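Undergrad: here are the coordinates; sequence isn't available:
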């Protein structure tokens, strides 16, 4: 048996597609030919690799929740240790730079580049002095360029909102709650900001427009994943009117009732599902709560609601 024929049929052999009469001869040839044996081993590795289960990509919600937890952890961690060392111990830093010509050259290049950047930054300011005809256009950044929301405030007695947000540097924009730019920043802050106070402010403002499907989705996300119970309570307030008609909202409220770590959030969720206690999914949750919930108040209230429901034939 020639190597050419064997190599042409090795893949069929690996997948058990070679006839029995040819299989024996092929196996005998492989025991004598090192090249064909190596080719067979390679094909077996290939089959094993393509047979491995596909690793699923994480969902956007999981990524956003993980990013939020990471940002909160970084907020409390010790920051800028390297820069404090340079400020506190400049003598040691200069001593190190003295013996590192490459570092000195890099710092020189960085300073030169910074000077050029500062010059270009000054040009629009010079051109926009009073009395000139040149005007500047402020471009609104898209969500991917925003690194965080610094603060949110609403002017008392008006519909105007002021939002400070960070890109490379802190920016600020103002506008009505009906402004799409303001809504985009509020939605971003509700999902991604590390500052729980900012998330609270954004969710509070979003509850003024819960009919928007994007807003309702953001409130549902905050109820499920936000680490701050105050934010989750705000989200519940905004979602309350939709428990009856929106199944997704009802499921999120039931999930909070079953598994939220805060008793206040669970109690508020319980009150929201009372008008729809006859729903089959709500009845199932009430039965589970009445049977073995660790919170005595929730357990007793669930039993009370179940007693008010008619028996299912």
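TA: Perfect, thanks for sending it. Note that this is a predicted model, so its numbers are computed, not measured.
Undergrad: where are the low-confidence patches of the stretch 101-250 of the chain?
TA: Residues of the stretch 101-250 of the chain that meet the criterion pLDDT under 70 lie in 101-145, 147, 167-170, 192-194.
Undergrad: and the strands in it?
TA: Here the stretch 101-250 of the chain has its strands, by DSSP state E, counting those that start in this stretch, at 148-154, 160-166, 170-176.
Undergrad: so the second one versus strand 170-176, what angle?
TA: Between strand 160-166 and strand 170-176, the angle comes out at 160 degrees (axes from the mean of the first three to the mean of the last three CA atoms, to 10 degrees).
Undergrad: for the first one, same thing?
TA: Here strand 148-154 points in a direction 30 degrees away from that of strand 170-176 (the same axes, to 10 degrees).
Undergrad: so which residues make contact with stretch 40-53?
TA: Defining contact as CB atoms under 8 Å, 6 or more residues apart in numbering, one finds that stretch 40-53 is touched by 10-11, 13-15, 30. For the C-beta atoms, the positions are set from N, CA and C on the backbone; glycine is no exception.
Undergrad: ugh, wrong one, stretch 291-302
TA: Contacting residues not belonging to stretch 291-302 are listed as 257, 263, 266-267, 270, 286-287, 289-290 [CB under 8 Å, 6+ apart].
Undergrad: among the residues you listed, name the buried ones.
TA: 257, 266-267, 270, 286, 289-290 (16 or more other CB atoms under 10 Å).
Undergrad: show me the protein divided up by domain.
TA: Domain assignment for the chain, taken from automatic domain parsing, gives 3-47, 88-121, 142-188, 207-308.
Undergrad: winner for burial among the ones you listed?
TA: Looking across the domains of the chain with neighbours counted as mean count of other CB atoms under 10 Å, the highest average goes to domain 207-308: a mean of 17.
Undergrad: about what we covered before: same list, the buried ones among the contacts of stretch 291-302, but as CSV with secondary structure please.
TA: Shown next, in CSV, are the buried ones among the contacts of stretch 291-302 (DSSP: H, G, I helix; E, B strand; the rest coil):
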residue, secondary structure
257, helix
266, helix
267, helix
270, helix
286, helix
289, helix
290, helix
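Undergrad: quick check: the two most widely separated of those?
TA: Using CB to CB, the two most remote members of the buried ones among the contacts of stretch 291-302 are 267 and 290, lying 15.4 Å apart.
Undergrad: what about the residue nearest to residue 155 when sequence neighbours are not counted, distance to residue 189?
TA: Closest residue to residue 155 apart from its sequence neighbours, by CB to CB, 6 or more residues apart in numbering: residue 162 at 7.3 Å. Counting by CB to CB, to the nearest Å, the gap from residue 162 to residue 189 is 13 Å.
Undergrad: between the two, what contacts are shared?
TA: Joint contacts of residue 162 and residue 189 (CB under 8 Å, 6+ apart) are residue 152.
Undergrad: re earlier: which residues touch the residue nearest to residue 155?
TA: 152-155, 172-174.
Undergrad: for residue 244, phi and psi?
TA: phi -70, psi -40 (degrees, to the nearest 10).
Undergrad: contact partners for it?
TA: Contacts of residue 244 by CB under 8 Å, 6+ apart are 250, 275-276.
Undergrad: which ones among those are found in helices?
TA: Cross-referencing the contacts of residue 244 against helices under DSSP state H gives residue 250.
Undergrad: for the contacts of residue 244, which one is nearest residue 241?
TA: The closest of the contacts of residue 244 to residue 241 turns out to be residue 275 (CB to CB; 10.4 Å).
Undergrad: looking at it, the closest one is touching residue 245, isn't it?
TA: No - checked against CB atoms under 8 Å, the pair residue 275 and residue 245 is beyond contact range at 10.9 Å.
Undergrad: from residue 174, how far out is residue 271?
TA: Separation of residue 271 from residue 174 (CB to CB): 37 Å.
Undergrad: possible to save the buried ones among the contacts of stretch 291-302 as CSV with pLDDT and distance to residue 24?
TA: Compiled in CSV, the buried ones among the contacts of stretch 291-302 are given as follows (pLDDT from 0 to 100; distance: CB to CB, whole Å):
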residue, pLDDT, distance to residue 24
257, 90, 67
266, 92, 69
267, 91, 75
270, 91, 72
286, 89, 68
289, 91, 67
290, 90, 69
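Undergrad: closest to residue 235 among the contacts of residue 162?
TA: residue 152 (15.7 Å).
Undergrad: for residue 191, see how far away the residue lying closest to the closest one once chain neighbours are set aside is.
TA: Leaving aside its chain neighbours, residue 152 sits nearest to residue 201 (4.1 Å; criterion: CB to CB, 6+ apart). Note on residue 201: its distance to residue 191, by CB to CB, is 14 Å.
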